[in-house]
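Engineer: Quick one, fold the following:
(chains A, B and C, ligands or ions: 2)
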Amino acid sequence: MSDIEQPAGELWGREGFREDPYVTAQTLEEAGDAPAVILPLGAWLGLTEETRNASNRKIGVLVAPGESIEPLLPILDSIPVIALQFPAFNDGRSYSKAELIKNQHHFKGELRAVGDVLIDQVAYMLRTGFDTMKVNHAVTLNRLAGHNLHDVPGYYQPGRGSHTVSGTYSWRRVPGA
Amino acid sequence: MYRYDEFDHAFVSARVEQFKDQVERRLAGELTEEQFRPLRLMNGVYLQLHAYMLRVAVPYGTLSSRQMHKLAHIARRYDRGYGHFTTRQNIQYNWPALKDIPAVLDELASVEMHALQTSGNCIRNVTADHFAGAAADEVGDPRPYAEILRQWSSMHPEFSYLPRKFKIAVTGADRDRAAIQVHDIGLHLKKNEAGELGFAVYVGGGQGRTPMVAKKIRDFLPVEDLLTYTTAIVRVYNLNGRRDNKYKARIKILVHETGTEEITRQIEAEWQAIKETDLKLPQQDVDAIDTYFAPPNLVQRPEGWSGLAAARKADHAFSAWVDQNVTPHKNPDYGVVTISLKPIGGIPGDATDAQMDLVADIAEKFSYDEIRVSHEQNLVLPHVAIADLRIVYDLLLTDGLATANAGLITDIISCPGLDYCALATARSIPVAQRISERFGDPERQADIGELKLKISGCINACGHHHVGHIGILGVEKKGEELYQISLGGSGDEICTIGDITGRGFSSEEIVDAIETIVDRYLEIRTDKEETFLATYRRVGAAPFKDALYSEVANAA
Amino acid sequence: MSVKVLTANRLTDGEVVWLGANGEWLEHIDGALIARHAEAVNALEEAGKSAIKSNLVIDVNVIDVEERGTDLYPVRLRERIRQLGPTIRLDLGKQAEKPKAA
Ligand code: HEM
Ligand code: SF4
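Structural biologist: Ligands and ions are numbered 1, 2, ... in the order given. As a prediction, the model looks like this:
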């Protein structure tokens, strides 16, 4: 085991770990007066437009793999954070959703992965458009703390956080913004 | 053939290093089996009954002599002196120790090979027509497109955790030798009226426990749209494919449950949104990959034909081999040679290290350094001068590689079955061996003509039994092996799933049952030109069922 | 009557092994720890779990065997093939290294 402290409950992004300003709640009431809340899709869709856009708090939305993101697409501008769930590491639906949300529909807010994330998946997530992850897998947390992303030196697909290389095929990329 | 550049080398070595680290952590007890299993599967490492198994990808079935020598070396040094060529154009080693596997992967990387994506719920090794680049009937070489797909699908960030495995096959001729209609995506390279290259796109074929023939969803897809369109298909599948039941998770079920029209609409809609993105293929990239597959500079050898006629007259066995195992080449001075890995009574698809070395040597001297692995578990020498056929035959003969049975009843496809496989319900290889012996007489099998017999040792159908003209499925019933027969399946351009005849046969009965079917065919065919499949399509199952069940009942 | 033994594959090389009466993992079925009643079967299962935890073996299973004289004869064909090796390659697997004593 690594002796690096596991910062469970914190949020990881390309810059490292940081405090998560959001609390997760089932309903707005349950969240009390927390300034930043993430609600499940059903609850979030039940809010009035006015509440969602209220200036005194940020309300993000949590989407399960089986839930459709269609209703969010027309109003992406009003969402501060979308959290896509990975209840099990092998349910890959949220990768495609990330791609749709970020790359096809140009979501400007924070896209977050939450749940069972293996270290080997982190690089994939960043490339499909996730900005941050909230991970419960101990090994993953350790490796993230050690900045070991298990990445490869080159990619065979376009994606976020990579750039083209001259003199090779159009689909290839190398890591780096 | 394709050669790695620095980018590819760096990628594959990074993956080998990662796996080395993972194996070390596993052996040190830092990873549990549960954590390690998905990692080893990503590197082609399974556990079978007796040992681990390593599945090495042979992308679109193309090998150089150097690569084949390496496969022989691995068989000798890390395994038990042989390998098994599979219907997925892979080679499987049945006895490697876990601790040796990183070293094997290093060896493979040194000849530009790997075991990546030969397992797991990702886009698997892309397969292609094994006569690609040589066959006389080819419209275009499918391999450059298979190579582009291979690259694009390698460690795909969006598509590495699909609902289930995903198999793509590409063919470049109207005659489908790659069984594209039983793949998740089948691509048929063809020309439109303007003479431009593109693909007919088939989606949702598959075997396994619910066999289905793919649906054509597009008649012509321009080459430049290959990756955008494939992305659209796989994305629709990734989002909507079933994840609640692993037996319903393949795209064939999604296509079936959604309906072809609706799924096509969804795919086309997604495609419209991404058609003009970075994945649109620039012609210069297609051309650059194409160059790697440029046909070798074949020397004109018109002298071959006269010598051939004489050699055929002098040696009946050689003549039979030419008839059966040599297929027309684009260049009239050349032929495409099928090396049968189905010696009479042998194990379908197995080759010893010495045989692999021999094939590599022959290919180097007589086939412009090229070898193919066919999905029929044979090897192919794609460019042999007619003038060299005799010497190639003599060399093959020295190590049991000149069986003249390509496409005949003894050219059996068989999965490993219960002799190796942890999922098997019955043995398949011994059944194949006994059938092969029963029909081994060259005159007899030549008289029977083209007949594709395929055997699987369980419902997963790795042995393609659903598309066998005669298919055999081994199951377990009350602790005994029982074999079900299906008839009339076909994996070519007129793709059909075979019909089950009725109750199964015991291990003792199965070979007689096959003989009964074959004898009935010989009785009722209109003439020698009417193949088994054609006869079956004309008369249906009834005459065969009659023969099968009345005769067996009488004998009992 | 059939009794039960515990079998697995060794982590390092995949070799088929059985849990021995001496607590070691054996490369041959002779000397395997035999469970004749439910409690003993539970004990086998527990032993299996702890062997997985200590990363010695994988794919652990309790299987049915018959006692035939002094020999143990696995009931399922699958297990007999694991015990001996591929039926189509008598030169491979355990059958190759240990000719059955007459
Ligand atoms: C340890 C060995 C193997 C295991 C565990 C295994 C596992 C499986 C499974 C579970 C399926 C069913 C997939 C589904 O229906 O969704 C399958 C299908 C298939 N496998 Fe294997 N297999 C093995 C060996 C082989 C071999 C040796 C070959 C080639 C000879 C092969 C080629 C195929 C093919 C062609 C299919 C059916 C096509 C399809 O995916 O629909 N497999 N295999
Ligand atoms: S068909 Fe069944 S027995 Fe044969 S290799 Fe596939 S999984 Fe194993």
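Engineer: Please make it C-alpha for all contacts and neighbour counts, starting now.
Structural biologist: Noted.
Engineer: for A:P175, which residues make a bridge with it?
Structural biologist: Following DSSP bridges, A:P175 is listed with bridge partners A:S162.
Engineer: does C:P86 count as helix, strand or coil?
Structural biologist: For C:P86, the assignment made with DSSP: H, G, I helix; E, B strand; the rest coil gives coil.
Engineer: no, scratch that, I was asking about B:V16
Structural biologist: Classification of B:V16 by three-state DSSP places it in helix.
Engineer: That one: what's it in contact with?
Structural biologist: B:102, B:105-106 (CA atoms under 8 Å, 6 or more residues apart in numbering or on different chains).
Engineer: what sits up against the host helix or strand of B:G474?
Structural biologist: In the assignment (DSSP states H and E), B:G474 maps to strand B:470-477. With contact meaning CA under 8 Å, 6+ apart, strand B:470-477 is reached by B:425-428, B:451-459, B:461, B:464-465, B:481-489, B:498.
Engineer: Within reach of chain C, which of these are there?
Structural biologist: Applying CA under 8 Å from any CA of the partner chain, the subset of these adjacent to chain C is empty.
Engineer: How many residues are close by C:A43?
Structural biologist: 12 (other CA atoms under 10 Å in any protein chain shown).
Engineer: per-residue pLDDT, the closest residue to chain C within the stretch 451-556 of chain B?
Structural biologist: For the stretch 451-556 of chain B and chain C, the shortest gap (CA to the nearest CA) falls at B:G479, measuring 6.6 Å. pLDDT recorded at B:G479 is 89.
Engineer: so how far is ligand 1 from the residue nearest to it when sequence neighbours are not counted?
Structural biologist: Distances taken as CA to CA, 6 or more residues apart in numbering or on different chains place C:R76 nearest to B:G479, at 6.6 Å, with adjacent residues excluded. The spacing between C:R76 and ligand 1, counted by CA to the nearest ligand atom, to the nearest Å, is 19 Å.
Engineer: C:R76 reaches B:E481, doesn't it?
Structural biologist: No. Under the criterion of CA atoms under 8 Å, C:R76 makes no contact with B:E481, lying 10.6 Å away.
Engineer: between those two, which one's more packed in?
Structural biologist: Ranked by neighbour count (other CA under 10 Å), C:R76 and B:E481 place B:E481 first, with 21 against 13.
Engineer: B:Y145: what secondary structure?
Structural biologist: Assignment for B:Y145 (three-state DSSP): helix.
Engineer: Run through the residues that contact residue 11.
Structural biologist: Chain wasn't specified; assuming chain A. A:17-20, A:132-135.
Engineer: wait, chain C
Structural biologist: B:27, B:98, C:55-58.
Engineer: Could you find the residue nearest the spatial middle of the chain?
Structural biologist: The chain I'm using is chain A. A:R112 (1.6 Å; CA atoms, centre = their mean).
Engineer: look at chain B instead
Structural biologist: B:H375 (2.2 Å).
Engineer: Show me the one in the contacts of A:L11 that has more neighbours than the rest.
Structural biologist: A:V135 (25 neighbours).
Engineer: where's the spatially closest residue to B:V56 that is not a sequence neighbour, which helix or strand?
Structural biologist: Leaving aside its sequence neighbours, B:V56 sits nearest to B:A115 (CA to CA, 6+ apart; 4.3 Å). Counting by DSSP H and E, no helix or strand carries B:A115.
Engineer: And B:A115, what's its pLDDT?
Structural biologist: Per-residue pLDDT puts B:A115 at 92.
Engineer: What's the separation between it and B:I148?
Structural biologist: Note on B:A115: its distance to B:I148, by CA to CA, to the nearest Å, is 18 Å.
Engineer: So these two - more neighbours on which side?
Structural biologist: Ranked by neighbour count (other CA under 10 Å), B:A115 and B:I148 place B:A115 first, with 26 against 21.
Engineer: hang on, the earlier thing: ChimeraX command to pick out the buried ones of the contacts of strand B:470-477?
Structural biologist: To isolate the buried ones among the contacts of strand B:470-477 in ChimeraX, judged by 16 or more other CA atoms under 10 Å in any protein chain shown, type:
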select /B:425,426,427,428,451,452,453,454,455,456,457,458,459,461,464,465,481,482,483,484,485,486,487,488,489,498
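Engineer: which secondary element of chain A has the worst mean pLDDT?
Structural biologist: helix A:138-145 (a mean of 83; mean pLDDT, DSSP states H and E).
Engineer: again with chain C
Structural biologist: helix C:94-97 (a mean of 91).
Engineer: Against which helices or strands is that one packed?
Structural biologist: helix C:77-84 (3 or more CA pairs under 8 Å, 6 or more residues apart in numbering or on different chains; DSSP states H and E).
Engineer: any residue of the helix it packs on up close to ligand 2?
Structural biologist: No. For helix C:77-84, no contact with ligand 2 is found by CA under 6 Å from any ligand atom; the gap never falls below 11.3 Å.
Engineer: can you tell if that helix touches chain B?
Structural biologist: Yes. Using CA under 8 Å from any CA, helix C:77-84 reaches chain B at C:77-78, C:81-82.
Engineer: Closest one of these to chain B?
Structural biologist: C:R82 (5.8 Å).
Engineer: Around the closest one, how many other residues sit close by?
Structural biologist: C:R82 has 28 nearby residues by other CA under 10 Å.
Engineer: do you know how far it is from ligand 1?
Structural biologist: C:R82 sits 14 Å away from ligand 1, going by CA to the nearest ligand atom.
Engineer: Quickly note the distance from that residue to B:N245.
Structural biologist: 30 Å.
Engineer: Check the gap between the residue nearest to B:V56 and chain A for me.
Structural biologist: Applying CA to the nearest CA, to the nearest Å, the value for B:A115 to chain A is 16 Å.
Engineer: Tell me how chain B divides into domains.
Structural biologist: Using automatic domain parsing, the domain parsing of chain B gives B:6-110, B:142-292, B:321-397, B:413-555.
Engineer: Quickly compare these and say which is most buried.
Structural biologist: domain B:321-397 (a mean of 23; mean count of other CA atoms under 10 Å in any protein chain shown).
Engineer: Just checking the distance from it to the centre of its chain.
Structural biologist: Taking CA atoms, centre = their mean, to the nearest Å, one finds the center of domain B:321-397 at 16 Å from the center of the full chain.
Engineer: hmm, back to that, and the least confident helix or strand of chain A, what other elements does it pack with?
Structural biologist: Contacting helix A:138-145 under the criterion 3+ CA pairs under 8 Å, 6+ apart are the following elements: strand A:16-18, helix A:119-128.
Engineer: Any chance of TSV for the ones you listed, columns mean pLDDT and distance to ligand 2?
Structural biologist: Formatted as TSV, the helices and strands packed on helix A:138-145 follow (pLDDT from 0 to 100; distance: least, CA to the nearest ligand atom, whole Å):
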stretch	mean pLDDT	distance to ligand 2
strand A:16-18	91	44
helix A:119-128	91	27
